[in-house]
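Peer 1: Here is my input; please provide its structure:
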Amino acid sequence: MLVKELKETTNLPIHFHTHDTTGKSISSVLSAVNAGVDIVDAAIDSMSGQTSQPALSSIISAINSTSRKSF
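Peer 2: Below you'll find the predicted structure:
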């Protein structure tokens, strides 16, 4: 809801940043992407997870499994 509202009220790019402490941040990233976020933070696999960002390869794989082919 927040991303959609920000996109409707501003022309600024929306940057989504999260940490993968729970191991489930990829779903948050996908939700943000579907809501129209412009930028997401991710980490290479060997540096991802826990207090870092979610794994980039997992995000790419998840997005490429949908009808959205951004990568």
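
Peer 1: Now do the phi/psi pair for the most centrally placed residue in the chain.
Peer 2: Residue closest to the average C-alpha location in the chain (CA atoms, centre = their mean): Val29, at 2.6 Å. Torsion angles at Val29 (phi, psi; degrees, to the nearest 10) stand at phi -60, psi -50.

Peer 1: Verify the contact between Val29 and Ile59 for me.
Peer 2: Yes. In terms of CB atoms under 8 Å, Val29 counts as a neighbour of Ile59; the distance is 5.5 Å. Glycine gets a C-beta too; all of them are placed from N, C-alpha and C.

Peer 1: list residues touching both of those two?
Peer 2: Residues touching both Val29 and Ile59 (CB atoms under 8 Å, 6 or more residues apart in numbering) are 40, 42.

Peer 1: Mind jotting down where the helices sit in this structure?
Peer 2: Taking DSSP state H to define them, one finds helices in the chain at 2-9, 25-35, 56-64.

Peer 1: Adding distance to Phe16 and mean pLDDT, write those helices out as CSV.
Peer 2: Putting those into CSV (distance: least, CB to CB, whole Å; pLDDT from 0 to 100) gives the following:
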stretch, distance to Phe16, mean pLDDT
helix 2-9, 7, 92
helix 25-35, 4, 91
helix 56-64, 11, 89
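
Peer 1: For Ser46, find the nearest of those.
Peer 2: Smallest distance to Ser46 across the helices of the chain (CB to CB): 10.4 Å, for helix 56-64.

Peer 1: by contact count, what packs against the closest one?
Peer 2: helix 25-35 (3 or more CB pairs under 8 Å, 6 or more residues apart in numbering; DSSP states H and E).

Peer 1: by contact count, what packs against the helix it packs on?
Peer 2: helix 2-9, strand 15-16, strand 39-40, helix 56-64.

Peer 1: can you give me the offset of the last one from its chain's centre?
Peer 2: For helix 56-64, the distance between its averaged C-alpha position and the chain's averaged C-alpha position is 10 Å (CA atoms, centre = their mean, to the nearest Å).

Peer 1: That concludes my questions; thank you for your assistance.
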